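J.: mind looking at a prediction? Sequence and model below.
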Amino acid sequence: MEKTVEVLKSAIIRFAGDSGDGMQIAGSRFTETSAFFGNDLSTFPDYPAEIRAPAGTLFGVSGFQIQISSQDIYSPGDEPDVLVAMNPAALKVNLKDLKRNGTIIANEDAFIDKNLQLAGYETNPLEDGSLAGYKLLKVPITRATNNAVAEIGLNAKDANRCKNFYALGLTYWLYDRPLEVTENWLHSKFTGKPQIAEGNVKAMRAGYYFGETAEIFTTRYKVAPAKLPKGIYRNVTGNHATALGILSASVKSGLPLFLGSYPITPASDILHDLSEFKNFGVKTFQAEDEIAAICAAIGASFGGSLAFTSTSGPGMALKQEAVGLAVMLELPLVICNVQRGGPSTGLPTKTEQADLLQVVSGRNGECPLPVLAAASPADCFNMIYEAARIAVKYMTPVVLLTDGYLANGAEPWNIPHVKDLPEIKVTFRTEKEGFFPYLRDENLARPWVKPGTPGLEHRIGGLEKQHITGNVSYDTKNHEFMVKMRAQKVQNVQNDIPELEVDGDPEGEVLIIGWGSTYGSITAAKERLDAKGYKVSRIHLRYLNPFPKNLGEIMKRFKKVLIPELNLGQLLKLIRAEYLVDAIGLDKIQGLPFKASEIEAKVIELLKN
Amino acid sequence: MESDTLQNGTHVKLSAKDFSSDQDVRWCPGCGDYSILAQVQRVMPSFEIPREKTVFVAGIGCSSRFPYYMNTYGFHGIHGRAAAIASGLKIARTDLDVWVATGDGDLLSIGGNHFIHILRRNINTVIMLFNNRIYGLTKGQYSPTSEHGKITKSSPFGTVDTPFNPLTLALGAGGSFVARTMDRDPKHMQDVVSKAHKHKGTSFIEIFQNCNIYNDGAYELYTEKDTKPENTINLEHGKPLLFGKDKNKGIKLDGFRPVIISLDDGIHTVNDVIVHDHTSKELAMILAQFSEIKGFPVPLGVLYEVERPCFEDEMEEQIEDSTRKKGAGDLEKLLFSGTTWEVK
């Protein structure tokens, strides 16, 4: 049968199924293949907190969205073009997002009475005409998978578990992707279980051939490789980029890396990844709790290591007293808070940006520290590296904010060469003459002295310090002086960070200010607005304390300032407080990133009123 | 005590005074902490470890001011976290001699979690618990070692808390060296501290320490000349468990149950008395519970001491092993690993 080929600039695909259906694996394999193929891409894994939620239920649905493009893209996209639904619950949960006239590939074998009931369908949506507004492709994925793997002799459970690869194979055909990358991955992943590898390969090929032969598939799509800047690329998630970034800072600075961490979603992968790097001399300490994790890191920093602790919101809250200790001790410490939905346990696997105020000011006393935020998965590498540079230069704890969306999302990364990374210069004090523990340098940083250095024995602690000598001091004037000194030191970081560049006209009606992971959605929104002829400019903050020097001056050039955030307006509060600017907030607290269309609509509203 | 120590590259004779910092000691006059400080300073030179290689880590409380008074590197942390800070420091810097000075509130209440975990990991440090059974720095509330029914500012009708026994807690958590001594017995303390330092692993010492302001006389029964012999028993590896003014009482085991026997009763001899074996965890557990049995002497000395691997050594071994197998880490190679593609 002749099939038409349509060339697309970009396409959005969402895989959805039970949390045990392997949707995250299917999505990440599609990602790797597309990256290898040369598309620009952006992903959004979205899964429940339960590891294996009861099968067939609405709350057990796990999804993975990916946008592939022949152009630069910045977000996983708003509305999927294609939804792969492995069961009725997956269809029910995801249908509302699907583009009008979008394609549904449904595993018809799973649309049985029990599953329909669990999903709350009274009649079978595949049969009752309710999906008339979409292009519905019914595929017997379960049966076809079982047939495909029959000859291998897998048990029923293992055979059934290959069906995600059948669905993946079908999408590979639909978007004209090669199978080799995934086949190689399967063979190396299941070296010890060749039967499993073979079963999945067979299922994937069967899916691919089904697309080729089945008459219901009339069109396939081509998304050409993107013209990205020159370089060697790999695909990277935010958490992996964070691990590689801090390791790079350790190598470049010559400081041994010490990670104190406690498992917490969605930050644990940083601990996992760094635990692999033993041959770099990395010491990872899985502590008994979040407090021990940071305290051990502070101990290691006192000993002269590049100290790092990784966590998420609830863990950050537990660490705060010790962060205050590090502020008082003026020891370098890098903290990565992979934000998730809160308060309390909140939404462990969902994204949010609601820890900004917590890290800026959630400690006892006047307790300032530099706060940074990564804008994209690959940017986590740059920003954790930057956090380490600032920490050791200014002898201070530094917090990097990422979030669940960045942590698990992936994008192509133009890999930097080690020689091109900024230098991180560290000098340990060894000179006895004129040594005082709190005698500051031109950056207001105190000397870093490793225990073991003869003649420089000294004691530090959380009690207020006398200026210069570092002796315990309860003198009230000294306290005020030291509070201001610590604040000034952090403020001085402003002289050491890049100024903001305005994307768009330098002055005008509306300025969008973003921070952290909203970068992609805002960029996509701005592109749409530009295309429609609306005038809007934007800046993106990667430094949240202190703010870049020219922030205030840029804001003055615009009539309206819009701050979209995945919280109730935390940056908004900080900016209003510091600059007395009547900025307008755009909130979203649904555990999901912004859709470009949501920001676009708000900007149009502001432009019209 | 003096000895030859390599200090700043040259051999010098260090004395107790060399370990005394320039800070004024600010404990209440008559506090048991003074004796602990003095005994530690006295034995430090015998270890022949340079001052700069020694770090004292503390949490919060009266005990935790200890580092300020030692002329070594020192770290006064936050409440309860000394064991966690010391763990990180020792893991990062296995070459350092790391000590923890802590109190019953700091170690057993707010820091209880870190205490049991440092013990199970067996990180090579010495933990000195200054146990005065009271919160001193906050002016007299009951602590996790205060006896049941104790009347304090925060328990005007008596506590309804059952106290911890620090020794059984330490043994239960996997402590590889568990000992007890007293502020009022300098020689004994010097001996126990020296043994603790010699032991490789987490060495835990409970020190009976008198708070003469908020809990004066808590250990009188054990420290005063006339009551001490009948109420304490000194443990020595390989020696029978005898106590009493004339060493005429002994401990016999009746199954798992310890009983006190008299060597003067014409029935028992010293051969009936159990011999202390500090490698027996079973015996250590029985001994540790003496203080909870009415009429039994409280044990002093080393209850338990065994060698087992230290966390930080095994971590270094993994690093060496991995480096041997994979070669020293090559960052450029790592960054460019996995599935990569080139955009020209």
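T.: Received, thanks.

J.: A:Asn567 - that's part of a helix, no?
T.: No. Going by DSSP: H, G, I helix; E, B strand; the rest coil, the assignment for A:Asn567 is coil, not a helix.

J.: which residues does stretch A:178-196 contact?
T.: Residues external to stretch A:178-196 that are found in contact with it (CB atoms under 8 Å, 6 or more residues apart in numbering or on different chains): A:29, A:32-33, A:36-37, A:152-154, A:158, A:165, A:168-169, A:172, A:197, A:200-201, A:204-205, A:208, B:339. For every residue, glycine as well, the C-beta is placed using N, CA and C.

J.: those residues, buried ones only, as a PyMOL selection?
T.: For the buried members of the contacts of stretch A:178-196, the matching PyMOL selection, counting by 16 or more other CB atoms under 10 Å in any protein chain shown, is:
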select buried, chain A and resi 29+32+33+36+37+152+154+158+165+168+169+172+197+200+201+204+205+208
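
J.: list the buried residues of stretch B:95-112.
T.: Neighbour-count burial for stretch B:95-112, counted by 16+ other CB under 10 Å, picks out B:96-112.

J.: could you do stretch A:405-417 as well?
T.: Residues of stretch A:405-417 classed as buried by neighbour count (16+ other CB under 10 Å): A:Tyr405, A:Leu406, A:Ala407, A:Asn408, A:Gly409, A:Ala410, A:Glu411, A:Pro412, A:Trp413, A:Ile415, A:Pro416.

J.: out of those residues, which are inside helices?
T.: Members of the buried residues of stretch A:405-417 lying in helices (criterion: DSSP state H): A:Tyr405, A:Leu406, A:Ala407, A:Asn408.

J.: just to revisit the earlier point, Throw the buried residues of stretch A:405-417 into JSON lines and include distance to chain B and pLDDT, thanks.
T.: Converted to JSON lines, these look like this (distance: CB to the nearest CB, whole Å; pLDDT from 0 to 100):
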{"residue": "A:Tyr405", "distance to chain B": "22", "pLDDT": "96"}
{"residue": "A:Leu406", "distance to chain B": "19", "pLDDT": "97"}
{"residue": "A:Ala407", "distance to chain B": "18", "pLDDT": "97"}
{"residue": "A:Asn408", "distance to chain B": "17", "pLDDT": "94"}
{"residue": "A:Gly409", "distance to chain B": "17", "pLDDT": "94"}
{"residue": "A:Ala410", "distance to chain B": "12", "pLDDT": "93"}
{"residue": "A:Glu411", "distance to chain B": "14", "pLDDT": "93"}
{"residue": "A:Pro412", "distance to chain B": "8", "pLDDT": "93"}
{"residue": "A:Trp413", "distance to chain B": "9", "pLDDT": "96"}
{"residue": "A:Ile415", "distance to chain B": "5", "pLDDT": "98"}
{"residue": "A:Pro416", "distance to chain B": "7", "pLDDT": "98"}
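
J.: so for stretch A:257-277, what gets flagged as buried?
T.: By neighbour count on 16+ other CB under 10 Å, the buried set for stretch A:257-277 is A:257-262, A:264-271, A:273-275, A:277.

J.: and residue 115, how many residues sit next to it?
T.: Just going to use chain A. Residues lying near A:Asn115 (other CB atoms under 10 Å in any protein chain shown) number 22.

J.: to clarify, I was referring to chain B.
T.: 28.

J.: give me the pLDDT for it.
T.: In this model, B:Phe115 is scored at 98, pLDDT.

J.: distance of it from chain A?
T.: 10 Å (CB to the nearest CB, to the nearest Å).

J.: tell me the spacing between that residue and B:Ile205.
T.: As for B:Phe115, its distance to B:Ile205 is 13 Å (criterion: CB to CB, to the nearest Å).

J.: now do the contacts for whatever residue of the stretch 151-300 of chain B ends up closest to chain A.
T.: Scanning the stretch 151-300 of chain B for proximity to chain A using CB to the nearest CB identifies B:Ala173 as nearest, at 11.1 Å. Taking CB under 8 Å, 6+ apart as the criterion, B:Ala173 is in contact with B:Phe115, B:Ile116, B:His117, B:Leu119, B:Arg120.

J.: could you count how many residues lie near the nearest residue to B:Ala82 once chain neighbours are set aside?
T.: In space, B:Ala82 comes closest to B:Gly59 once its chain neighbours are excluded; the distance is 4.0 Å by CB to CB, 6 or more residues apart in numbering or on different chains. The local packing of B:Gly59 (other CB under 10 Å) involves 30 other residues.
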